[in-house]
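# When you get a sec, could you give me coordinates for this:
(2 chains)
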Amino acid sequence: MNLTLKVWRQNGPTDKGQFKTYEARDISSDASFLEMLDIVNEGLESKGEEPIGFESDCREGICGVCGMVVNGAAHHSTPRATLCQVHMREFKDGDTVTLEPFRSKAFPVLKDLIVDRSAFDRVITAGGYISVRAGSAPDAHVTPIPKVLSDRSMDAAACIGCGACVAACPNAAAMLFTGAKVTHLNLLPQGQPERYKRVQAMVEQLEHEGFGHCSNHQECVRACPKGVPLDVISLMNRDFIGAQFKLRS
Amino acid sequence: MGWLSKFLNSNIGLKVLMALSGMMMLGFVVVHMTGNLQVFLGAHALDRYGSFLQNIGELLWVARLGLVSALTIHVLSATILTLRSWGARPVAYRSKYWFAPSLLSRTMLYGGVAIGLFLVLHLLHLSPSIFGLDHGIAAITPGYEHCKTVGDGLSASLECGVYANVVHGFSVVWVSALYIVAMIFLGMHIGHGAWSMFRTLGLDNPRYDRLAQGAAVSIGALVAVGNSLIPISVLVGLVHL
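Numbers count the residues shown, from 1 in each chain, chains lettered A, B, ... in the order given. Reported below is the predicted structural model:
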């Protein structure tokens, strides 16, 4: 199949950037979206042109590295899929496809479709840890956890930190991401010692990075390749409000 | 108190302020509508209700102060959050795909501004003279009559001809039309806001989330229809002098 690509090209963080049009010729409908870009890049390189910059690593939907906005949708509009899991059979021959980087003040563009997501790392560093007993590994089942809680915690823990929630949110908020990280630990017994300190610190860092607020549009939830539920945001809100009463200093 | 200003300045803190002030105003809207629907019970019932409100004295100012504070907090936090949200995405997308195309959530800003503008019209149109609005009221409500003081000394009280003012006021077609449009906006605003406020406050539960969303949309629809019935009934002659 043949496609026309409208791709955001930007040489570096300070470059203004612009859309450029490329043709993708003779693409197999079985190719993945990223393989299609590899083929286009091979063509560009053979002509001595700069290949389109984009990120990828595992290419099996686990690492959270790939991601761009395809036709206005983070990771394309395919439900529950990272961009590497999207295949060309979802497009039609002759389609025009627009490729843009995740747009957010907190995710500056490094090059073309590559953005700097270190803001997420700093949010995690602020509180995404638990205190553990150093020493021999504890026995399994030493801490009983209700199945309902472990399930909800694992739903939150499914977050791979790809940033699609920020890209899809009309307010460029990272509430789903931060909510997932807070909820994942705050629901479990192991996360209790730092519960309120954690939410306070992570929300403060979130604010500092310049992400927007939550208006419950639910765009993030639908764009999330891992199906992290909207509840994580209200659980984070509840603990953040609670922290104002619980924290003593 | 550093923690408090930090909390109130955070996005979540501002949303909490919006939720609480919104909740207050929603309560007012429902009570206000219920009271005004007495127009269908006839002139006596509505005039008695209007006079009762005017005669509660200082308590009326407590209520007004509460509402003005809620409105100010709501508008201020909405403005700050919107400006921050615009700043959070300096470069817009060329194309935008909506995964969850919710008309209600996406019209919150426009609806809010429309309701704010409507409030000005509403105060100019039917409010008793509280801010020296007499000229404005006379201009858009021909035949408007202010409350009259009857009796003197301690037994003095106000008597208001609310019913006649309502009929005069809504006989003006463009005014009635604007009211109906504003009520549709208000209903849509409530339809999203009354659900969203619970999520902001972290009071939701997957068990009753659908119920809460349905309830919010129903209350919004009820407010839009209930309030619109008044101008419509005057226009079609169901409510007349």
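# contacts, neighbours, all on C-alpha from now
OK.
# Which residues are in contact with residue B:151?
residue B:157 (C-alpha atoms under 8 Å, 6 or more residues apart in numbering or on different chains).
# Over to residue A:236?
A:179, A:182, A:183, A:199, B:202.
# Chain A contacts on chain B?
B:3-4, B:7, B:10-13, B:81, B:84-100, B:102, B:105-106, B:196, B:199-206 (C-alpha under 8 Å from any C-alpha of the partner chain).
# between the contacts of residue A:236, which is closest to residue B:54?
residue B:202 (38.3 Å; C-alpha to C-alpha).
# give me phi/psi at that closest one?
Backbone torsions for residue B:202, taken as degrees, to the nearest 10, come to phi 70, psi 30.
# What pLDDT is listed against the spatially closest residue to residue A:65 that is not a sequence neighbour?
Nearest in space to residue A:65, with sequence neighbours left out and distances taken as C-alpha to C-alpha, 6 or more residues apart in numbering or on different chains, is residue A:56 at 5.4 Å. Note on residue A:56: pLDDT of 97.
# in chain A, which spans are helices?
Assigned by DSSP state H, chain A shows helices spanning A:33-46, A:118-127, A:147-157, A:164-168, A:175-186, A:195-209, A:219-223, A:231-246.
# any chance of those in TSV, plus mean pLDDT?
Formatted as TSV, the helices of chain A follow (pLDDT from 0 to 100):
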stretch	mean pLDDT
helix A:33-46	98
helix A:118-127	98
helix A:147-157	96
helix A:164-168	98
helix A:175-186	98
helix A:195-209	97
helix A:219-223	96
helix A:231-246	96
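# Of the contacts of residue A:236, which is the most crowded?
residue A:182 (32 neighbours; other C-alpha atoms under 10 Å in any protein chain shown).
# My guess is residue A:242 contacts residue A:197. True?
No. Under the criterion of C-alpha atoms under 8 Å, residue A:242 makes no contact with residue A:197, lying 10.6 Å away.
# Domains in chain A, by residue range?
Annotated domains of chain A cover A:3-111, A:118-246 [automatic domain parsing].
# What is the burial count for the nearest residue to residue A:37 once chain neighbours are set aside?
Leaving aside its chain neighbours, residue A:37 sits nearest to residue A:52 (7.9 Å; criterion: C-alpha to C-alpha, 6+ apart). By the criterion of other C-alpha under 10 Å, residue A:52 has 21 neighbours.
# helix, strand or coil for the closest residue to residue B:40 other than its chain neighbours?
Once flanking residues are discounted, residue B:40 sits nearest to residue B:239: 7.2 Å by C-alpha to C-alpha, 6+ apart. When classified by DSSP: H, G, I helix; E, B strand; the rest coil, residue B:239 comes out as coil.
# about what we covered before: spit out the contact partners of the residue nearest to residue A:65.
A:65, A:66, A:67, A:84.
# Compute the number of surrounding residues for the residue in chain A that chain B sits nearest to.
For chain A, the residue closest to chain B is residue A:72, as judged by C-alpha to the nearest C-alpha, at 3.8 Å. Neighbours of residue A:72 under the rule other C-alpha under 10 Å: 23.
# got it, and residue B:54?
Other residues close to residue B:54 by other C-alpha under 10 Å number 18.
# quick one: which of the contacts of residue A:236 is nearest to residue A:36?
For the contacts of residue A:236, the nearest to residue A:36 is residue A:179 (34.0 Å; C-alpha to C-alpha).
# For the closest one, give me its contacts.
Applying C-alpha under 8 Å, 6+ apart, the residues near residue A:179 are A:232, A:233, A:234, A:235, A:236.
# and if you look at residue B:199?
With the criterion set at C-alpha under 8 Å, 6+ apart, residue B:199 makes contact with A:233, A:234, A:237.
# Go again with 7 Å.
Going by C-alpha atoms under 7 Å, 6 or more residues apart in numbering or on different chains, residue B:199 touches residue A:234.
# so it, which of the three states?
Reduced to three states by three-state DSSP, residue B:199 is helix.
# Distance of it relative to residue B:205?
9 Å (C-alpha to C-alpha, to the nearest Å).
# For whichever residue of chain B sits closest to chain A, I want the exact helix or strand it lies within.
Residue nearest to chain A within chain B: residue B:96 (3.8 Å; C-alpha to the nearest C-alpha). Using DSSP states H and E, residue B:96 maps to neither a helix nor a strand.
# what about it, neighbour count?
Residue B:96 has 15 nearby residues by other C-alpha under 10 Å.
# Setting the sequence-adjacent residues aside, check what's closest to it.
Closest to residue B:96 by C-alpha to C-alpha, 6+ apart is residue A:72, at 3.8 Å.
# Can you lay out the helices of chain A as JSON lines showing distance to residue B:185?
Supplementary listing: the helices of chain A in JSON lines, determined by distance: least, C-alpha to C-alpha, whole Å:
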{"stretch": "helix A:33-46", "distance to residue B:185": "42"}
{"stretch": "helix A:118-127", "distance to residue B:185": "37"}
{"stretch": "helix A:147-157", "distance to residue B:185": "35"}
{"stretch": "helix A:164-168", "distance to residue B:185": "26"}
{"stretch": "helix A:175-186", "distance to residue B:185": "27"}
{"stretch": "helix A:195-209", "distance to residue B:185": "31"}
{"stretch": "helix A:219-223", "distance to residue B:185": "22"}
{"stretch": "helix A:231-246", "distance to residue B:185": "26"}
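# Which stretch among those is buried most, on average?
helix A:164-168 (a mean of 29; mean count of other C-alpha atoms under 10 Å in any protein chain shown).
# do that helix and chain B meet?
No. Helix A:164-168 lies out of reach of chain B by C-alpha under 7 Å from any C-alpha of the partner chain, never closer than 8.4 Å.
# packing partners for that helix?
Judged by 3 or more C-alpha pairs under 7 Å, 6 or more residues apart in numbering or on different chains; DSSP states H and E, the packing partners of helix A:164-168 are strand A:73-74, helix A:219-223.
# can you give me the helices for chain B?
According to DSSP H, the helices that chain B contains are B:2-9, B:11-36, B:43-54, B:58-88, B:103-106, B:108-126, B:134-140, B:162-170, B:173-200, B:206-235.
# Tabulate the ones you listed in TSV, adding columns for mean pLDDT and distance to residue A:60.
What follows is the helices of chain B, written out as TSV (pLDDT from 0 to 100; distance: least, C-alpha to C-alpha, whole Å):
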stretch	mean pLDDT	distance to residue A:60
helix B:2-9	92	40
helix B:11-36	98	35
helix B:43-54	94	67
helix B:58-88	96	30
helix B:103-106	94	34
helix B:108-126	94	38
helix B:134-140	81	66
helix B:162-170	95	64
helix B:173-200	97	33
helix B:206-235	96	31
